[in-house]
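# what follows is a protein structure lacking sequence information:
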């Protein structure tokens with residue numbers, strides 16, 4: 001293998017695939033990154049066996065070849081070089097990768113590319129496309145609600161239901177549920193429901209930051225794989241096996257109180273109360289009071305800790321229904337309010353022991369259900 005490419009391109013490529021390098025593994029080669037020449041470009045690939053990222057960068061290829069080298073070492077070295085041309089030369093006999101850039105030279109011992117786990121090819125199943133902005137919104141509205149504990153693996157994923165020209169993403173961790181429906185740029189041939197690891201979608205969200213063209217998605221439920229195609233980047237992920245809970249049963253069908261509040265005011269009051277809630281299990285209390293003849297309705301957001309003290313914030317609200325009290329974990333409120341782009345949000349409640357439902361005003365495609373905390377009023 002003999003080629004040359006620009007340091008900034010190689011550094012970018014290593015940054016893209018680096019997130020798929022295995023952190024803790026029983027298979028040492030998954031700590032490596034694969035370098036291979038492919039149709040006059042340099043292909044970089046990394047995998048942790050759950051997810052694989054490949055990307056292609058422009059290069060002047062003189063001799064074909066492939067090798068794997070320790071990802072961290074290569075990434076740190078390339079990142080420290082000046083922004084000039086990097087010449088790469090592989091000695092097949094010793095499997096040593098030689099690199100030259102300006103007045104710097106390095107040699108890295110590699111491992112044969114034949115030992116690198118094959119990157120799965122996703123074929124069959126369904127194929128569709130999603131506009132970048134819609135995908136970014138969809139992922140950011142649900143990904144934080146997925147479980148991080150591995151006790152119920154299916155909850156560490158995001159349920160994706162492809163149907164006609166929409167896909168509905170849902171995430172739940174046992175304490176909250178986020179459901180977001182977004183349009184597909186290309187309708188699917190048949191309805192398909194799969195569970196995609198939340199880590200994969202978080203990674204995809206990072207990768208599409210610089211993308212403009214729609215993202216191509218291929219899902220094969222039979223093989224348990226999904227492929228996301230971007231410009232010069234491909235992300236392949238294993239799907240999570242198992243049945244996602246029937247979340248529609250968790251969404252309350254009625255409420256006795258509905259408060260419409262400014263998102264910015266609600267977020268500020270929640271963040272302020274969270275400071276005092278840190279020592280009190282994160283509990284934030286909400287008291288919703290309807291307006292009188294001339295006075296507007298209000299929501300009082302408070303938190304108290306036995307040792308530190310307490311805090312009370314009051315915000316205006318348009319309240320329909322009766323006075324109501326409910327307590328939530330403050331983090332769950334700040335998480336959801338932090339991703340909303342709408343100016344107003346509706347909070348629906350039935351009783352202190354029933355889940356609260358948060359819906360952005362003026363948007364029908366998102367809802368968030370939060371389980372209440374039980375407190376002594």
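All right, it came through fine. Everything numeric here is computed off the predicted structure, so don't read it as measured data.
# now do the buried residues in stretch 248-260.
Residues of stretch 248-260 classed as buried by neighbour count (16 or more other Cβ atoms under 10 Å): 255, 257, 258, 259, 260. No exception for glycine: its C-beta is placed from N, CA and C like everyone else's.
# list the contacts of the second one.
Think residue 257. By Cβ atoms under 8 Å, 6 or more residues apart in numbering, the contact list for residue 257 reads 288, 319, 320, 321, 322, 323, 324, 348, 349, 350.
# dump these to a markdown table, plus secondary structure, neighbour count and distance to residue 246.
A markdown table is the format used below for these (DSSP: H, G, I helix; E, B strand; the rest coil; neighbours: other Cβ atoms under 10 Å; distance: Cβ to Cβ, whole Å):
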| residue | secondary structure | neighbour count | distance to residue 246 |
| --- | --- | --- | --- |
| 288 | strand | 22 | 30 |
| 319 | strand | 22 | 32 |
| 320 | strand | 15 | 29 |
| 321 | strand | 16 | 28 |
| 322 | coil | 11 | 30 |
| 323 | coil | 12 | 33 |
| 324 | strand | 25 | 27 |
| 348 | strand | 23 | 21 |
| 349 | strand | 23 | 23 |
| 350 | coil | 18 | 20 |
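# for the residues you listed, give me JSON lines that also has distance to residue 334 and pLDDT.
Shown next, in JSON lines, are those (distance: Cβ to Cβ, whole Å; pLDDT from 0 to 100):
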{"residue": "288", "distance to residue 334": "18", "pLDDT": "96"}
{"residue": "319", "distance to residue 334": "22", "pLDDT": "95"}
{"residue": "320", "distance to residue 334": "25", "pLDDT": "94"}
{"residue": "321", "distance to residue 334": "25", "pLDDT": "94"}
{"residue": "322", "distance to residue 334": "27", "pLDDT": "94"}
{"residue": "323", "distance to residue 334": "24", "pLDDT": "95"}
{"residue": "324", "distance to residue 334": "21", "pLDDT": "96"}
{"residue": "348", "distance to residue 334": "19", "pLDDT": "97"}
{"residue": "349", "distance to residue 334": "18", "pLDDT": "96"}
{"residue": "350", "distance to residue 334": "23", "pLDDT": "95"}
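# make CSV out of those residues and add distance to residue 78.
As requested, these are arranged in CSV below (distance: Cβ to Cβ, whole Å):
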residue, distance to residue 78
288, 56
319, 58
320, 59
321, 61
322, 64
323, 62
324, 58
348, 52
349, 54
350, 57
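# per-residue confidence averaged over stretch 129-141?
Stretch 129-141 shows a mean pLDDT of 96.
# let me redo that: stretch 258-275
96.
# what do you get for stretch 354-366?
The model assigns stretch 354-366 a mean pLDDT of 95.
# ok, residue 323 - contacts?
By Cβ under 8 Å, 6+ apart, residue 323 lies in contact with 257, 287, 288, 289, 290.
# got a markdown table for these, with secondary structure and distance to residue 205 too?
As requested, these are exported to a markdown table (DSSP: H, G, I helix; E, B strand; the rest coil; distance: Cβ to Cβ, whole Å):
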| residue | secondary structure | distance to residue 205 |
| --- | --- | --- |
| 257 | strand | 34 |
| 287 | strand | 36 |
| 288 | strand | 34 |
| 289 | strand | 39 |
| 290 | coil | 40 |
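# rebuild these as JSON lines, extending it with distance to residue 366.
Shown next, in JSON lines, are those (distance: Cβ to Cβ, whole Å):
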{"residue": "257", "distance to residue 366": "20"}
{"residue": "287", "distance to residue 366": "26"}
{"residue": "288", "distance to residue 366": "21"}
{"residue": "289", "distance to residue 366": "27"}
{"residue": "290", "distance to residue 366": "26"}
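# report pLDDT for the residue lying farthest from the centre of the chain.
Residue farthest from the centre of the chain, counting by Cα atoms, centre = their mean, is residue 293 at 45.7 Å. Looking at residue 293, its pLDDT is 75.
# gap between it and residue 299?
19 Å (Cβ to Cβ, to the nearest Å).
# sort out which one of the contacts of residue 257 lies nearest residue 74 for me.
The closest of those to residue 74 turns out to be residue 348 (Cβ to Cβ; 52.7 Å).
# contacts only, for the closest one.
By Cβ under 8 Å, 6+ apart, residue 348 lies in contact with 252, 255, 257, 258, 356, 357, 358, 359.
# okay, these in TSV with distance to residue 3 and secondary structure next?
Listed next are those as TSV, based on distance: Cβ to Cβ, whole Å; DSSP: H, G, I helix; E, B strand; the rest coil:
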residue	distance to residue 3	secondary structure
252	60	coil
255	63	coil
257	66	strand
258	63	strand
356	58	strand
357	56	strand
358	53	strand
359	54	strand
